[in-house]
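Student: the following block contains a protein sequence and its predicted model.
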Amino acid sequence: MKYLDVSQLVFRQTAGGMLSLDVGQDAAYPDISCVQLFPLSHPLRYVSVCERCGGGLRELGVVRDCADFAQQQRELVLRHIRLSYFVPEITDILRISGRRGTDTWDVETDRGNTTFTVQDHKENVSLTDQGVVFVVAVDKCRYKISRPGLLPPRARALLDKNLL
């Protein structure tokens, strides 16, 4: 694995909204992608920087820790990562109603209110070792609750019933 020296990296957003990268004076990559290698356990650490080429990705190297970037560079990289990992944050659970092995969730997220269906909550509602709850809907959209303890009491009770 090749680690990248963050002091040599300059990320830019292109006019088309893509991410480009200059590596010192030696190389420029007009279209790159940043991929979290451990998005659940270490979301800011070990980010793979890849060049888009021929319909695929070619890894240029890995950034050990995004905290090593200057704030503007870090925010740019993290913004592009968030775009590729669309996982709305559930901020409130308004209602969960079950019928024939499926549950319909009415929730408030950081992207607005939505309704989705979960089949077999024992398989599709999970709690990580870090205390983050992930919910996978039947259409394979993923939702997360980063801090379940901050949900309103009514929402926590609904969530607890679905984590059993």
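Tutor: Yep, it's here. Residues are numbered from 1 along each chain as shown.

Student: export only the CA atoms of the helix or strand of the chain with the lowest mean pLDDT, formatted as PDB.
Tutor: Across the helices and strands of the chain, the lowest-confidence element by mean pLDDT, DSSP states H and E is helix 121-124, at a mean of 86. Output in PDB follows, covering the C-alpha atoms of helix 121-124 (Å, rounded to 0.1, in the frame of the first residue of the first chain):
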ATOM      1  CA  HIS A 121     -35.900  -6.000  10.800                       C
ATOM      2  CA  LYS A 122     -33.600  -8.600  12.500                       C
ATOM      3  CA  GLU A 123     -31.500  -8.700   9.300                       C
ATOM      4  CA  ASN A 124     -31.800  -5.100   8.200                       C
END
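
Student: would you map the strands across the chain?
Tutor: With DSSP state E as the definition, the chain shows strands at residue ranges 9-13, 19-23, 27-36, 45-53, 56-65, 90-99, 102-109, 112-119, 125-127, 133-136, 142-145.

Student: check which helices and strands the third one sits against.
Tutor: Read that as strand 27-36. Strand 27-36 is packed against strand 19-23, strand 45-53, strand 56-65, helix 71-84, with contacts defined by 3 or more CB pairs under 8 Å, 6 or more residues apart in numbering; DSSP states H and E. Quick note: C-beta positions are derived from backbone N, CA and C, even for glycine.

Student: between strand 56-65 and it, find me the angle.
Tutor: Taking axes from the mean of the first three to the mean of the last three CA atoms, to 10 degrees, strand 27-36 and strand 56-65 form an angle of 70 degrees between their directions.

Student: and strand 27-36, what's buried?
Tutor: Y29, I32, S33, C34, V35, Q36 (16 or more other CB atoms under 10 Å).
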